[in-house]
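> Okay, predicted coordinates and the sequence, questions at the end:
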There are 2 protein chains.
Amino acid sequence: MNRRDSERLDTIVLGRIGLEKGDTLYRPGDPVTAIYAIRVGTLKTQVATQDGRVQIVGFHLPGELVGLESLVSPTHLSQAIALEDTRLCRINLGALRALASNLPSLHHNILRLLTSEVQHDHSMLTTLGVMSAEERVISFLLDLSARLAARGFAATEFQLRMTREEIGSYLGLKLETISRLFSRLAEAGLVRIKHRSVKLLDMASLRAMLERATALPPVREQHCRIDRLP
Amino acid sequence: MNRRDSERLDTIVLGRIGLEKGDTLYRPGDPVTAIYAIRVGTLKTQVATQDGRVQIVGFHLPGELVGLESLVSPTHLSQAIALEDTRLCRINLGALRALASNLPSLHHNILRLLTSEVQHDHSMLTTLGVMSAEERVISFLLDLSARLAARGFAATEFQLRMTREEIGSYLGLKLETISRLFSRLAEAGLVRIKHRSVKLLDMASLRAMLERATALPPVREQHCRIDRLP
DNA sequence: CGAGCATTTGAGCGAGATCAAACGGAGTGG
DNA sequence: CCACTCCGTTTGATCTCGCTCAAATGCTCG
């Protein structure tokens, strides 16, 4: 999105919202009237099952958007909750739609954001589907690090804004498992984790432990009829 | 999408493709030139890790679209493979974009399809994150049943087009576990499964075993201050 | 009819869950 | 300012569900 588009985008910002830690931005069933850009703070989005089990489907950092997946739904299907005191821009959906229909690049960007959401979800499905607990935790730390770095924050030293239980919910593990694995990684000299403050000491080794598992692979041989990958 | 739009859509169909069982439609790294509508047959889409572990992220039935998540990406990030002999319509992406910019309802529909993809992925994340193996298998059978019914096929009696191993990859389980659970559900009189042919005998009980786990909506308390400015 | 692959079933194992207890830090009220 | 309390975190002991390894059976398709 170029500067001019950004300026026109500013015209559809409805207002600013402040949330305190624990506040809900929206919940399942709420009518969808806006999407949100995070100025300061962190949110989680989660879906819940009838019996109270919760799956956290995303953590959202400053500079990222929230609520995009509800773009065309009449009501929200997930719940967004602030992990700390947070300030957001509220972006009017109707105005956004109107503007987008006159601004192909905006439309294209919305599509791009949505598809990258899908691709992130696919990588999370891979994480939950095939990775060991240790790999999931490393993958979580590296993902957080990369996203913070992309926003201009330090890549190797940061504060966790979520509890062990929330990390566990996100990764399909229990809080004790998260705690144990943090301890084990620290023992191995790969990280230093005290409470919520994290320092990644050996990014290379952490990445190496994932290379076994991560990465959307390069091209494979040309013929059809590959029904099993090596 | 109404009838007139559908007719205009027909004008951008590039051609028809036939795939044999096991053929790859596209693979990671391929340039994205089209999306596909399934006329007859079934596909799986999967992402692979460097070391060869595979996560199946979707099964795609007749009448559904494939490749939508690559809409704005220059190259594919996943691989699509036919599970049986399959015929598809190839939809030219450039033409689709051009048509969409003159046809707001088409644009809206594309967004709707993408967001429902996101929501399906969120429900899969919940499945992988919090459900037991038995719940996952039931959820898989009911999802398949519902999607087949939505396309006019029988809801309680159908053929599986995928192996136990593929079901396992989709659900984050091993093939032996799938087989054992099929046997157990059959023993309990809830289903009849012989090889690839499935008959759901007691949908009510199956749903009940999931209700514990599924469904999104209960509202929680907690206030949201939408009008407090930073 | 035979070969190869998918499926079923059994036995034993292990990663992660569960149960339990102690510790520590942040916020609150005296 | 300190003590108390609450909650998040750490760590240990044990258990269990789903995995691994193994072998037999049965389709499917050439």
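Great, that's in hand. Predicted, not measured: the structure shown is a model, and the values here were computed from it.

> C-alpha from now on. contacts and neighbour counts both.
Fine.

> So is the biggest helix by length in chain A next to DNA strand C?
What stands out as the longest helix in chain A, according to DSSP state H, is helix A:104-130. No - among the residues of helix A:104-130, none lie within reach of DNA strand C under C-alpha under 7 Å from any atom of the strand; the closest is 9.4 Å away.

> Name the residues of that helix that are buried.
Neighbour-count burial for helix A:104-130, with 16 or more other C-alpha atoms under 10 Å in any protein chain shown as criterion, is recorded at A:106-108, A:110-119, A:121-130.

> Stretch A:86-102 too?
Using 16+ other C-alpha under 10 Å as the test for burial, stretch A:86-102 gives A:86-93, A:96, A:99-101.

> Indicate whether stretch A:157-164 makes contact with DNA strand D.
Yes - interface with DNA strand D: stretch A:157-164 contributes A:162-164 (C-alpha under 7 Å from any atom of the strand).

> hey, where'd the strands end up in chain A?
With DSSP state E as the criterion, chain A has strands at A:13-19, A:24-26, A:34-40, A:43-48, A:54-60, A:65-66, A:79-82, A:86-92, A:157-159, A:191-194, A:197-200.

> ok, the first one: who's next to it in the sheet?
What that stands for is strand A:13-19. Using DSSP bridges, strand A:13-19 pairs in its sheet with strand A:86-92 (antiparallel).

> Pull the residues that contact the strand it pairs with.
Strand A:86-92 has contacts (C-alpha atoms under 8 Å, 6 or more residues apart in numbering or on different chains) with A:12-21, A:33-43, B:230.

> And for stretch A:162-171?
Outside of stretch A:162-171, the residues within contact range by C-alpha under 8 Å, 6+ apart are A:54-58, A:83, A:127-128, A:136-137, A:173-179, B:129.

> thinking again about what came up before, quick one: mark the members of the residues of stretch A:157-164 next to DNA strand D that sit in helices.
Those of those mapping onto helices are A:Arg164, per DSSP H.

> list the contacts for A:Thr75?
By C-alpha under 8 Å, 6+ apart, A:Thr75 lies in contact with A:28-32.

> Filter those down to the buried ones.
Taking 16+ other C-alpha under 10 Å as the criterion, what is buried in these is A:28-29, A:32.

> which one of those sits closest to DNA strand D?
Relative to DNA strand D, the closest of those is A:Pro28; by C-alpha to the nearest atom of the strand it sits at 22.1 Å.

> For that closest one, report the pLDDT, please.
Looking at A:Pro28, its pLDDT reads 93.

> Now do the phi/psi pair for the residue lying closest to it once chain neighbours are set aside.
With sequence-adjacent residues excluded and distances taken as C-alpha to C-alpha, 6 or more residues apart in numbering or on different chains, A:Pro28 is closest to A:Leu77, at 4.4 Å. A:Leu77 adopts backbone torsions of phi -110, psi -10, taken as degrees, to the nearest 10.

> May I have the predicted confidence score for A:Leu77?
As predicted, A:Leu77 sits at a pLDDT of 91.

> Touching, it and A:Thr49? I think so.
No - between A:Leu77 and A:Thr49 there is no contact under C-alpha atoms under 8 Å: 11.5 Å.

> more neighbours, those two?
Shown here are A:Leu77 and A:Thr49; by other C-alpha atoms under 10 Å in any protein chain shown, A:Leu77 has more neighbours (24 against 21).

> and the gap between the more buried one and B:Thr86?
Note on A:Leu77: its distance to B:Thr86, by C-alpha to C-alpha, to the nearest Å, is 34 Å.

> sorry, back to before: any idea which of the buried residues of stretch A:86-102 is closest to DNA strand C?
Taking C-alpha to the nearest atom of the strand as the measure, A:Thr86 is the one of the buried residues of stretch A:86-102 closest to DNA strand C, at 14.7 Å.

> What residues are bridge-paired with that closest one?
Applying DSSP bridges, one finds that A:Thr86 bridges with A:Leu19.

> If I look at it, what pLDDT would I see?
Note on A:Thr86: pLDDT of 94.

> any idea how far it lies from DNA strand D?
Separation of A:Thr86 from DNA strand D (C-alpha to the nearest atom of the strand, to the nearest Å) stands at 18 Å.

> got it, and A:Glu135?
To DNA strand D, A:Glu135 is 14 Å away according to C-alpha to the nearest atom of the strand.

> How about that residue, nearest residue that isn't a chain neighbour?
Closest residue to A:Glu135 apart from its sequence neighbours, by C-alpha to C-alpha, 6+ apart: A:Leu210 at 6.2 Å.

> burial count for the one you found?
19.

> That one contacts A:Leu141, correct?
No - between A:Leu210 and A:Leu141 there is no contact under C-alpha under 8 Å: 11.3 Å.

> Would you mind naming what in chain A lies close to DNA strand D?
Neighbours of DNA strand D within chain A, by C-alpha under 7 Å from any atom of the strand: A:162-165, A:175-180, A:182-183, A:193-196.

> Now with 10 Å, please.
A:22, A:129-130, A:132, A:160-168, A:174-184, A:186-187, A:192-197 (C-alpha under 10 Å from any atom of the strand).

> Filter those down to the buried ones.
Here, 16+ other C-alpha under 10 Å leaves A:22, A:129-130, A:160-162, A:164-168, A:174-175, A:177-179, A:181-183, A:186, A:192-193 buried among the residues of chain A next to DNA strand D.

> Show the model's pLDDT score for A:Pro31.
On the pLDDT scale, A:Pro31 gets 93.

> hang on, the earlier thing: pick out the most distant pair among the buried residues of stretch A:86-102.
By the measure C-alpha to C-alpha, A:Thr86 and A:Ser101 form the most distant pair in the buried residues of stretch A:86-102, at 30.8 Å.

> Any regions of chain A where pLDDT drops low?
Residues of chain A meeting the criterion pLDDT under 70: A:1-10, A:212-230.

> Show me which residues of chain A are close to DNA strand C?
For chain A, the contact set with DNA strand C under C-alpha under 10 Å from any atom of the strand comprises A:130-137, A:168-169, A:171-181, A:194-196, A:227-228.

> swap the cut-off to 6 Å and go again
Residues of chain A lying close to DNA strand C (C-alpha under 6 Å from any atom of the strand) are A:132-133, A:172-174, A:176-177.

> Tell me which of those fall in helices.
Counted as lying in helices by DSSP H, out of the residues of chain A next to DNA strand C, are A:133, A:176-177.

> Out of these, which is nearest to DNA strand D?
The nearest one, if we look at these relative to DNA strand D and count by C-alpha to the nearest atom of the strand, is A:Glu176, at 4.4 Å.

> got the contact list for that closest one?
A:Arg164.

> So which residues make contact with stretch A:184-194?
If you take C-alpha under 8 Å, 6+ apart as the criterion, stretch A:184-194 is touched by A:182-183, A:198-203, A:205-206.
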